[in-house]
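Asker: here is the input, now give the coordinates:
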Amino acid sequence: MKRTVTMLIALVALIAAGGLVFYAVRNSGLPVQAAVAARGEIREFVDEQAKTTLPVTYQVTMPFEGRILPIELEEGQRVERGQIVARIAPDDLQNELDEARAAVERLQSEIARNDDATVENVAYLQSRQLETSMNRTAEAAEERQKSGQERVDFALKTLQRLQQLGPARSEEELDAAKLAHVESQVNYRNDVLVWQAMKAIESAVSFLPQMIQDIIERKRLSRAVLEKQQLEATARWRQAELREARSRMASPIDGVVLDRHETDEQLLPGGTVLLTIGRLEDLQVEAEVLSQDVVRIAAGDPVEIYGPAVGGDVGQGVPGVVHKVYPGGFTKISSLGVEQQRVKVVVRFADGVLPRLLEQDLGVEFRVRARIFTDTRSDALLVPRTAVFRGADGGWHVYAVRQGRARLQPVKVGLMNDDQAEIVTGLRELDLVVLAPESRLFDGTRVKTGPVPPSLQSN
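Answerer: Numbering: from 1, shown residues only. Down below sits the predicted model:
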């Protein structure tokens, strides 16, 4: 019973307090903060996180498998174009080069020796002379054979004539004739043998010039083969020279060592990245902008680059300009797990800005912010951004303070940024608008405006 009485007393007190609040609000108004719609300049912008990047980086890689010598360069160290920054152990390469050079020199000597046909040429001339001499000798032997045949015939005729004389000739004459006949036959047979021998020798000698010519021709063919071998050996030599030259890896640019991937001496396969080198003088800023915002950005738009890395907050940053908007986007998951479609935007520093930042040790992959200005109005009717909200119909609205009451006012919004909004229609200059309207504020609610902090003023 006692507990019930207590609850009734509390309920009465609560109703009484609510009535007092309703009476106070009804008579004095709901306290709100308000700002004056005023004319001024507005700059529409897209503000995104960004980072410093280089348009091009150069990688020094292993040209082929080999043992790399220790790399003494360190990150941040400057290098010059053509400076040797890494090297493969030269011993094996020098042996390969020496072997290739020796093979070329050996083949050159063989070609020179093969080209020396002095002996063959002399032998060819002598064989021609011998062939001519043998032809004449064979001809003489043939003539001697014919002469021997005639002597045989003469001796035979003489013998036959003496035999026909009978008693008129002497025995001595007959014997002499017989002897002469026999001797002529013997001599003729010798002449025939000599002629046949000369013909055989002549036939053999006639092949000598052709044989020597064949030898010379074979030497020409041998030279062609040796030349082919020399070309192959020369190619190996050049390849060895190229490998030896590539073993001394030079910096392709005047720049800075961004990353040293290998340090100690070790055997590495071809293509292994050793160093990454870049030009800090080409440093730029890359931002990833939401696709719905990037459609308002174009090359040439002014940019403010700010953040601790460049030494200033918003309004105290350094100037830049949009250099490039990538034509294709990509999907990225935000820190809240929301899937977003973003597009890369490249920003270049304004002239004269980057050298000063490099003196302050600005480097690659430093986090900054980029505020990209997409449009400007110099004489626009402005209200604070917090005064504008979407209504139930999807359009823009404000609560305008008129005769002490908040009136729901549809408006047409022009340019807008994080701080301000341009009102194209729906308000007039010096109209009061409610900042950050509460959920309990309705059309016609009596309000009481309080002082507006300077940060929430419309200009």
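Asker: longest single helix anywhere in the protein?
Answerer: What stands out as the longest helix in the chain, according to DSSP state H, is helix 118-165.
Asker: how about the strands in the stretch 301-450 of the chain?
Answerer: 302-306, 318-333, 339-349, 367-384, 389-390, 396-402, 405-410, 412-416, 420-425, 432-434, 447-450 (DSSP state E, counting those that start in this stretch).
Asker: mean neighbour count, these: which tops it?
Answerer: Of all the strands of the stretch 301-450 of the chain, strand 432-434 has the most neighbours on average by mean count of other C-beta atoms under 10 Å, namely a mean of 24. (Each C-beta comes from the backbone N, C-alpha and C, glycine too.)
Asker: hang on, the earlier thing: from the contact counts, what lies against the longest helix of the chain?
Answerer: Counting by 3 or more C-beta pairs under 8 Å, 6 or more residues apart in numbering; DSSP states H and E, the packing neighbours recorded for helix 118-165 are helix 171-206, helix 208-246.
Asker: identify whichever of these lies nearest to Q77.
Answerer: Closest to Q77 of those is helix 208-246 (C-beta to C-beta; 22.7 Å).
Asker: same for the helix or strand just after the closest one, what does it pack against?
Answerer: Downstream of helix 208-246, the first helix or strand assigned by DSSP states H and E is strand 248-250. Under the contact criterion of 3+ C-beta pairs under 8 Å, 6+ apart, strand 248-250 touches strand 84-87.
Asker: would you mark the buried spots in the strand it packs on?
Answerer: V85, A86 (16 or more other C-beta atoms under 10 Å).
Asker: repeat that for stretch 136-150.
Answerer: So, applying 16+ other C-beta under 10 Å, buried residues of stretch 136-150: T137, A138, A141, E142, R144, Q145, G148.
Asker: now the strands of the stretch 301-450 of the chain as JSON lines including distance to V194?
Answerer: Output for those, formatted as JSON lines (distance: least, C-beta to C-beta, whole Å):
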{"stretch": "strand 302-306", "distance to V194": "116"}
{"stretch": "strand 318-333", "distance to V194": "104"}
{"stretch": "strand 339-349", "distance to V194": "106"}
{"stretch": "strand 367-384", "distance to V194": "115"}
{"stretch": "strand 389-390", "distance to V194": "135"}
{"stretch": "strand 396-402", "distance to V194": "136"}
{"stretch": "strand 405-410", "distance to V194": "142"}
{"stretch": "strand 412-416", "distance to V194": "129"}
{"stretch": "strand 420-425", "distance to V194": "133"}
{"stretch": "strand 432-434", "distance to V194": "144"}
{"stretch": "strand 447-450", "distance to V194": "152"}
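Asker: ok so, going back, for the longest helix of the chain, what is the average pLDDT?
Answerer: Per-residue pLDDT values over helix 118-165 give a mean of 78.
Asker: likewise stretch 373-385?
Answerer: Rounded mean pLDDT across stretch 373-385 is 94.
Asker: give me the distance from that stretch to the chain's centre.
Answerer: Computed by C-alpha atoms, centre = their mean, to the nearest Å, the chain-centroid distance of stretch 373-385 equals 47 Å.
Asker: could you export it as CSV, CA atoms only?
Answerer: Presented in CSV, the C-alpha positions along stretch 373-385 are these (Å, rounded to 0.1, in the frame of the first residue of the first chain):
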residue,chain,number,x,y,z
PHE,A,373,38.3,22.2,-56.2
THR,A,374,35.7,21.5,-58.9
ASP,A,375,33.8,24.7,-59.2
THR,A,376,33.6,28.2,-57.8
ARG,A,377,30.8,30.9,-57.3
SER,A,378,31.9,34.4,-56.3
ASP,A,379,28.5,35.8,-55.4
ALA,A,380,26.3,33.0,-54.1
LEU,A,381,23.7,32.9,-51.4
LEU,A,382,25.2,30.7,-48.7
VAL,A,383,24.1,28.8,-45.6
PRO,A,384,26.0,26.4,-43.4
ARG,A,385,26.1,22.8,-44.8
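Asker: contacts for it?
Answerer: Outside stretch 373-385, the residues within contact range by C-beta atoms under 8 Å, 6 or more residues apart in numbering are 35, 37-46, 296-298, 301-304, 398, 414-424, 427-429, 433, 435, 456-459.
Asker: equivalent analysis for stretch 432-449, please.
Answerer: Applying C-beta under 8 Å, 6+ apart, the external contacts of stretch 432-449 come out as 25-26, 28-37, 383-384, 386-387, 389, 398-402, 404-408, 427, 452, 456.
Asker: do that again at 6 Å, thanks
Answerer: Outside stretch 432-449, the residues that touch it by C-beta atoms under 6 Å, 6 or more residues apart in numbering are 28-35, 383-384, 386-387, 398-401, 404-406, 408, 456.
Asker: circling back to that earlier point, format the buried residues of stretch 136-150 as JSON lines; extra columns: distance to L258.
Answerer: Shown next, in JSON lines, are the buried residues of stretch 136-150 (distance: C-beta to C-beta, whole Å):
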{"residue": "T137", "distance to L258": "93"}
{"residue": "A138", "distance to L258": "93"}
{"residue": "A141", "distance to L258": "98"}
{"residue": "E142", "distance to L258": "99"}
{"residue": "R144", "distance to L258": "103"}
{"residue": "Q145", "distance to L258": "103"}
{"residue": "G148", "distance to L258": "108"}
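Asker: which one of those residues is nearest A197?
Answerer: Within the buried residues of stretch 136-150, proximity to A197 (C-beta to C-beta) peaks at A141, which comes in at 7.8 Å.
Asker: separation between the closest residue to P90 other than its chain neighbours and Q94?
Answerer: Distances taken as C-beta to C-beta, 6 or more residues apart in numbering place S247 nearest to P90, at 6.5 Å, with adjacent residues excluded. From S247 across to Q94, the span is 10 Å (C-beta to C-beta, to the nearest Å).
Asker: before we move on, what about L226?
Answerer: Distance from L226 to Q94, counting by C-beta to C-beta: 27 Å.
Asker: more neighbours, those two?
Answerer: Between L226 and Q94, counted using other C-beta atoms under 10 Å, the more crowded position is L226 (20 against 13).
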